[in-house]
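**Student:** Output the structure for:
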Amino acid sequence: MDQYPYQTAFHRELKAIGRAQMTIDAYDATLRQLFNYLEDQRPIYAHDPSANNVTETDVRAYLNWLRDEQDITLATFNKVLSQLSRYFRFLFTHQLIDNYPTLTIHGKATKPNQHLSTKWLLKLDDILADDQLQLYTRAVLFLSSRGYTVAEFLQPGFGDVWRSLQPKNAVERDFMKTFAAYIAPIQQLQNCQDIFLKQRLNREHPWISNAGLFKYLKADEEYLGFKLAPKYLHQSYILYEIAQHRDATPQELQTRLRLNPQSLLYYQRLLLQLK
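**Tutor:** Numbers count the residues shown, from 1 in each chain. Below you'll find the model as predicted:
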């Protein structure tokens, strides 16, 4: 199958939300593979390759085939599921299909029940460049890697802090440029120069709430495979910094991490427990 159902319309949707051509090509490859798999497995698709025929059972069978026959990793499993979910959500919300086959299918956590993980800090460049992730999610991870807490970056006026940050490498520079282009029309709409803003006009209180931000983060948790609650990200940052600066004095760590002596001792003990 060269084209999958509603490919042109789906392309318009992806471009409208700022997806790069490389990302759109990745969606195309996944969706073509899905419908080719269904044509091989179920005769109905050979005669009527309609997206409306796709069931939850079909999608689960395809994902199981990828896992068992193609030997994909959990990260790839989550990525494919995320692509399929966006496609079928687009079709369902535009009333192009009658059912939503990925609604009850959930990703697989690579580290189940683990709240604290410092590995994301080592993979930050890949995360910031990953167009599958929402820009608010990437911004939270970027700021968490700089030691900011959610209370700080949701505070009115934090936009001034954001504009003072300097990228450490080309990936961070490109991300900040992409984020600036994304947030600029929202800032203009809200007449506010902060960076975590509501999508709908509310000039009296344009800032997104903690709960509102978490909705963005929650949507990307399964894809990344670790908890994205900002408090866990901040704790992970502290543990990582303590591990990276073992020769620093307690006073130096307290200043660097903005911790009092009791909090520093707590994190030092926690780091030992997690080994």
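**Student:** where does the stretch 151-275 of the chain have low pLDDT?
**Tutor:** Across the stretch 151-275 of the chain, residues meeting the criterion (pLDDT under 70) sit at 275.
**Student:** List the residues that contact residue 4.
**Tutor:** Neighbouring residues of residue 4 by CB atoms under 8 Å, 6 or more residues apart in numbering: 28, 31, 32, 34, 35, 49, 51. Yep, even glycine has a C-beta here, placed from its N, CA and C like the rest.
**Student:** Could you measure from the closest residue to the last one other than its chain neighbours over to residue 274?
**Tutor:** In other words, residue 51. Closest residue to residue 51 apart from its sequence neighbours, by CB to CB, 6 or more residues apart in numbering: residue 5 at 4.0 Å. Per CB to CB, to the nearest Å, residue 5 is found 47 Å from residue 274.
**Student:** next one: phi and psi at residue 122?
**Tutor:** Torsion angles at residue 122 (phi, psi; degrees, to the nearest 10) stand at phi -80, psi -20.
**Student:** Wait, the residue nearest to residue 51 touches residue 38, no?
**Tutor:** No - assessed by CB atoms under 8 Å, residue 5 is found out of contact with residue 38, at 11.0 Å.
**Student:** quick one: the helices in the stretch 151-275 of the chain?
**Tutor:** For the stretch 151-275 of the chain, helices defined by DSSP state H, counting those that start in this stretch occupy the ranges 158-164, 170-190, 210-224, 230-244, 250-257, 261-274.
**Student:** Of those helices, flag the one that's most buried.
**Tutor:** Highest mean neighbour count among the helices of the stretch 151-275 of the chain (mean count of other CB atoms under 10 Å): helix 230-244, with a mean of 19.
**Student:** Remind me what that one packs against, helices and strands.
**Tutor:** helix 119-122, helix 135-145, helix 150-153, helix 210-224, helix 250-257, helix 261-274 (3 or more CB pairs under 8 Å, 6 or more residues apart in numbering; DSSP states H and E).
**Student:** ok, 7 Å please
**Tutor:** Judged by 3 or more CB pairs under 7 Å, 6 or more residues apart in numbering; DSSP states H and E, the packing partners of helix 230-244 are helix 135-145, helix 250-257, helix 261-274.
**Student:** Kindly reformat those as TSV containing distance to residue 63.
**Tutor:** As requested, these are exported to TSV (distance: least, CB to CB, whole Å):
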stretch	distance to residue 63
helix 135-145	23
helix 250-257	42
helix 261-274	32
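**Student:** Nearest approach to residue 13 belongs to which of these?
**Tutor:** Taking CB to CB, helix 135-145 is the member of the helices and strands packed on helix 230-244 nearest to residue 13, at 16.4 Å.
**Student:** Not counting its own residues, what contacts that closest one?
**Tutor:** 120-121, 124, 127-128, 153, 175, 179, 182, 195-196, 213, 216-217, 220, 228, 230, 233-234, 237 (CB atoms under 7 Å, 6 or more residues apart in numbering).
**Student:** now stretch 7-26
**Tutor:** 27, 87, 90, 131, 132, 182.
**Student:** What is the three-state secondary structure of the fifth one?
**Tutor:** For residue 132, the secondary-structure state derived from DSSP: H, G, I helix; E, B strand; the rest coil is coil.
**Student:** Next one: it from residue 169, what distance?
**Tutor:** 21 Å.
**Student:** if you count what's nearby, which of those two comes out ahead?
**Tutor:** residue 132 (18 against 11; other CB atoms under 10 Å).
**Student:** my guess is the more buried one contacts residue 78, does it?
**Tutor:** No - with contact defined as CB atoms under 7 Å, residue 132 does not count as touching residue 78 (9.5 Å).
**Student:** Stretch 73-91: which residues count as buried?
**Tutor:** For stretch 73-91, burial by neighbour count (16 or more other CB atoms under 10 Å) applies to 77-88, 90-91.
**Student:** Closest to residue 245 out of those residues?
**Tutor:** Checking the buried residues of stretch 73-91 against residue 245 by CB to CB gives residue 78 as the nearest, at 32.7 Å.
**Student:** Look at residue 205 and say how many residues are nearby.
**Tutor:** Using other CB under 10 Å, residue 205 is surrounded by 11 other residues.
**Student:** what residues are up against it?
**Tutor:** Here residue 205 is in contact with no residue (CB under 7 Å, 6+ apart).
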